[in-house]
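Colleague: dropping the sequence and predicted coords here.
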Amino acid sequence: SQTIHQWPATLVQPVGSPLSLECTVEGTSNPNLYWYRQAAGRGLQLLFYSVGIGQISSEVPQNLSASRPQDRQFILSSKKLLLSDSGFYLCAWSVEPRYGYTFGSGTRLTVV
Amino acid sequence: AQSVTQLGSHVSVSEGALVLLRCNYSSSVPPYLFWYVQYPNQGLQLLLKYTSAATLVKGINGFEAEFKKSETSFHLTKPSAHMSDAAEYFCAVSDYGNEKLTFGTGTRLTIIP
């Protein structure tokens, strides 16, 4: 069966520090991969999505970046965190959107 | 472009009462529609999905939703609310060939004992 792993679960980072969040999927090949953010009291914001290795589409210009070095690995990064980067980050995968997404358990990032 | 509107960012119902969460969509072609539930500090979990088969879709935890093309709606219902239903609910839509889902802004459901 397919599973999605996302870590760490919580993270507290100082302003200006780098960030790396990792997401991996097991049990499927060539999934579509997505990074979302939920800020406090707000809905889901799509940050990046990828339909294949090395293919990244950015939805919102900001100081975050994403990479897909392997078929089932999706990484969210930042060189210098801002206070506004705080939020709940969710990774998701799908074979085709008509089947829906499967979400990871999320990472709570607090920038202090 | 497709979009989703969830009426009511907060809904409160008494335990045992009917739950009704509203979702309207706009799409130029027959859509795929979804409801997700999110408990605090957790990821989203798929409740149910409509993919052009039966218009009344049954999901997990006693929830169901009816696709009404004439009203462009996909409202979520449950006959009798339980305390464990307290969560945030998201409606989402996708068109055939689109690689992304479009999510609504969410409805926070509170259950009153």
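Modeller: Received, thanks. Because the structure is a prediction, the values reported are computed rather than measured. Numbering: from 1, shown residues only, chains lettered A, B, ... in the order given.
Colleague: what sits opposite A:Gln70 in the beta ladder?
Modeller: A:Gln73 (DSSP bridges).
Colleague: isn't it up against A:Gly54?
Modeller: No. Applying Cβ atoms under 8 Å, one finds A:Gln70 not in contact with A:Gly54, separated by 10.0 Å. All C-beta atoms are positioned from the backbone trio N, CA, C, and that covers glycine.
Colleague: any idea what sits nearest B:Gly62, other than its immediate chain neighbours?
Modeller: Distances taken as Cβ to Cβ, 6 or more residues apart in numbering or on different chains put B:Lys78 closest to B:Gly62, at 5.2 Å, once the chain neighbours are dropped.
Colleague: pull the contacting residues for the one you found.
Modeller: B:18-19, B:61-64, B:85 (Cβ atoms under 8 Å, 6 or more residues apart in numbering or on different chains).
Colleague: same thing but 7 Å
Modeller: B:19, B:62-63, B:85 (Cβ atoms under 7 Å, 6 or more residues apart in numbering or on different chains).
Colleague: adding pLDDT, write these out as JSON lines.
Modeller: Converted to JSON lines, the contacts of B:Lys78 look like this (pLDDT from 0 to 100):
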{"residue": "B:Val19", "pLDDT": "98"}
{"residue": "B:Gly62", "pLDDT": "96"}
{"residue": "B:Phe63", "pLDDT": "97"}
{"residue": "B:Asp85", "pLDDT": "97"}
